[in-house]
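> Got a predicted structure here, sequence first:
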Amino acid sequence: MTLPDLRNSMLAMTCQCDDGPIDCLKSDQPVTQFVPGDDQFRCQPRSDREVGLSLQKGTLSTTGARDAMLGKARSSKPKTGSRVRYSTVGTLRDNGFEVIHTPRKIANGTHVSVVWPNTNSVYDAFVPWPEDVTQTFNECFDEPTDPVDAGGAE
Ligand SMILES: [Zn+2]
């Protein structure tokens with residue numbers, strides 16, 4: 001997909017909040033990033049298919065974040081090794097990213113997208129992110145939670 005196509009598919013996911021999909025997210029809003037199994041936390045969008053990186057509003061447990069990202073599956077246990085880490089909308093914005101509320105059609109949906117650079121607009125979102133930007137993104141987060149054990153306990 002071309003960059004304009006990627007931006008348009010993000011626009012189609014934006015919320016219907018009264019303030020709009022950027023101003024509806026306040027600086028002190030916590031956000032959670034989830035990674036399944038033993039994978040690394042994603043630190044930039046998959047630039048062949050998306051212009052933003054997915055997080056969830058709130059300080060979610062590993063199970064809560066998994067359910068929010070992937071929907072409740074038959075098994076309620078995240079894969080062994082799954083983790084979450086936390087930041088805030090304000091931290092990401094202060095470090096050059098924009099955070100956009102992108103729940104699709106889900107009322108009160110918690111999905112948000114991080115784009116770069118921070119210009120208060122979806123239309124400037126750019127991929128791929130430069131290397132130093134991916135490092136800055138990682139530095140916006142606290143240390144990850146302990147990995148989920150084989151038994152699935154959080
Ligand atoms: Zn919103």
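Noted; the coordinates are in hand. Small disclaimer: the values here were computed from a predicted structure and weren't measured.

> Leaving out sequence neighbours, find the closest residue to the residue positioned nearest the centre of the chain.
Nearest to the mean C-alpha position of the chain, by Cα atoms, centre = their mean, lies Leu55 at 1.8 Å. Closest residue to Leu55 apart from its sequence neighbours, by Cβ to Cβ, 6 or more residues apart in numbering: Val31 at 4.4 Å. For glycine as for every other residue, the C-beta is placed from the backbone atoms N, C-alpha and C.

> so the one you found sits in a strand?
Yes. Applying DSSP: H, G, I helix; E, B strand; the rest coil, one finds Val31 inside a strand.

> separation between it and the ion?
Counting by Cβ to the ion, to the nearest Å, the gap from Val31 to the ion is 13 Å.

> Which residues does that residue form beta bridges with?
Note on Val31: beta-bridge partners by DSSP bridges are Lys57, Ser87.

> buried sites along the helix or strand of the chain with the lowest mean pLDDT?
Of all helical and strand segments in the chain, the minimum by mean pLDDT, DSSP states H and E falls on helix 62-70, at a mean of 88. Neighbour counts using 16 or more other Cβ atoms under 10 Å place 62-69 of helix 62-70 among the buried residues.

> Surely the residue nearest to Leu55 is in contact with Ser87?
Yes. With contact defined as Cβ atoms under 8 Å, Val31 counts as touching Ser87 (5.5 Å).

> hang on, the residue nearest to the centre of the chain packs against Val114?
Yes. At 6.1 Å, Leu55 and Val114 qualify as touching, with contact defined as Cβ under 8 Å.

> what touches both of those two?
Val99 (Cβ atoms under 8 Å, 6 or more residues apart in numbering).

> residues near the residue nearest to Leu55, how many?
24 (other Cβ atoms under 10 Å).

> quick revisit: any idea how far Met13 is from the residue nearest to the centre of the chain?
13 Å (Cβ to Cβ, to the nearest Å).

> Quickly list what's touching both of these two.
Common contacts of Leu55 and Met13, defined by Cβ under 8 Å, 6+ apart, comprise 111, 113.
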